[in-house]
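>>> Mind looking at a prediction? Sequence and model below.
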Amino acid sequence: MLTDFHNHLERGSLTLDYLKKFTDEAARKNIAHFGISEHAYHFYQTKDILSNPWVEERRYYDMNDYVSLFHQAWDEGIDVKMSVEMDYTPGKHAEMKKFIDSYDFDYIIGSIHWVDGFGIDLKEYLHEWDKRNVEDVYIKYFDQVVTLAQSNLFDIIGHLDLVKIFQYVPANEQFLLEQYERAAAALAESKTCVEISTAGLRKPIGQLYPDPRLLEMCFKKGVPICLSSDAHVPEDVGADYSKAVELAKATGYQSLMTFTKGQAKEIPLP
């Protein structure tokens, strides 16, 4: 009864044949609850939520085509959930809600990739890290984690501590734990669950998201979890899941969350 809710078709095409490569890999790895969550910024319908030069070069999908793809899959009996990964954008709550409510999503992932116009996980912006105060970036990043949770617009927060991706981590451990604590506290007051993501193992940081200390804080506060791979190619679906399951169990989790048309359901952790 594994989950993998964070997956992208963007390196291929919005076609049934390409989608099946992902669902076939999920079935091969015994992932019973599987979803596609394409980046919302790719869609013309989200232009009023997030727009900058980097994003506009990559805005090339129409939501009508995306929804149609899922209906094709469902008509063929393929069990795949429909979602998007939305860049949480402060000051755009009304626009985000309008977009989310316009489609029959199974769940919504909210993620933070931008801090004051700085693409924290993009190689194109890597040089910017050396121009900035790391603690300041972390404060602003976790400010957004808090307000993302408070918005209650999202079912899952993606790669909760993505900000560590390029190994820029504050040296002051107490400072870092304070950021973790306020994130966990905000999530505990929301409907948002945390994904244990194996994507970080494929990034420069070489670690799961989130940090075990942050996950433990979430567990102690009753924040639920799911598992995700953030696969951008079919072969990465369910990648390194033994490590994700091991972390979940070591932390104390005994269940995962799954979602259908916005309704959450708890399932046993295998």
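Arrived safely.
>>> Can you tell me how far Lys140 is from Leu177?
18 Å (CB to CB, to the nearest Å). Where you see a C-beta, it was placed from the backbone N, CA and C, and this is true even at glycine.
>>> Settle it for me: which of these two has more neighbours?
Neighbour totals were compared for Lys140 and Leu177, and Lys140 leads with 17 against 14 (other CB atoms under 10 Å).
>>> Please report phi then psi for that one.
When read as degrees, to the nearest 10, the backbone of Lys140 gives phi -70, psi -40.
>>> wait, what's in contact with the residue nearest to it when sequence neighbours are not counted?
Nearest non-adjacent residue to Lys140, counting by CB to CB, 6 or more residues apart in numbering: Val115, 4.9 Å away. Val115 makes contacts with 137, 140-141, 144, 163, as judged by CB atoms under 8 Å, 6 or more residues apart in numbering.
>>> For Val115, give the beta-bridge partners.
Beta-bridge partners recorded for Val115 (DSSP bridges): Phe118.
>>> correct me, but Leu160 touches Thr192?
No. Using CB atoms under 8 Å, Leu160 makes no contact with Thr192, being 9.8 Å away.
>>> Compare neighbour counts for those two and give me the winner.
With neighbours defined as other CB under 10 Å, Leu160 and Thr192 compare such that Leu160 has more, 28 against 25.
>>> Excluding covalently adjacent residues, which one is nearest to Gly35?
Using CB to CB, 6+ apart, the nearest residue to Gly35 is Lys81, at 3.3 Å.
>>> which SS state does Gln179 fall under?
Under DSSP: H, G, I helix; E, B strand; the rest coil, Gln179 falls in the helix class.
>>> thought it was touching Ile139?
Yes. Applying CB under 8 Å as the test, Gln179 and Ile139 come out as touching, 7.1 Å apart.
>>> The two: who's more crowded?
Legend: neighbour count by other CB under 10 Å for Gln179 and Ile139, higher for Gln179 (21 against 16).
>>> outside of stretch 145-158, which residues touch it?
5-6, 85-86, 88, 90, 93, 96-97, 100, 107-112, 160, 182-183, 186-187, 189-195, 197, 226, 228, 230, 259, 262, 264.
>>> How about stretch 11-24?
7, 9, 34, 36, 61, 65-66, 69, 72-73, 76, 78-80, 231-234, 237.
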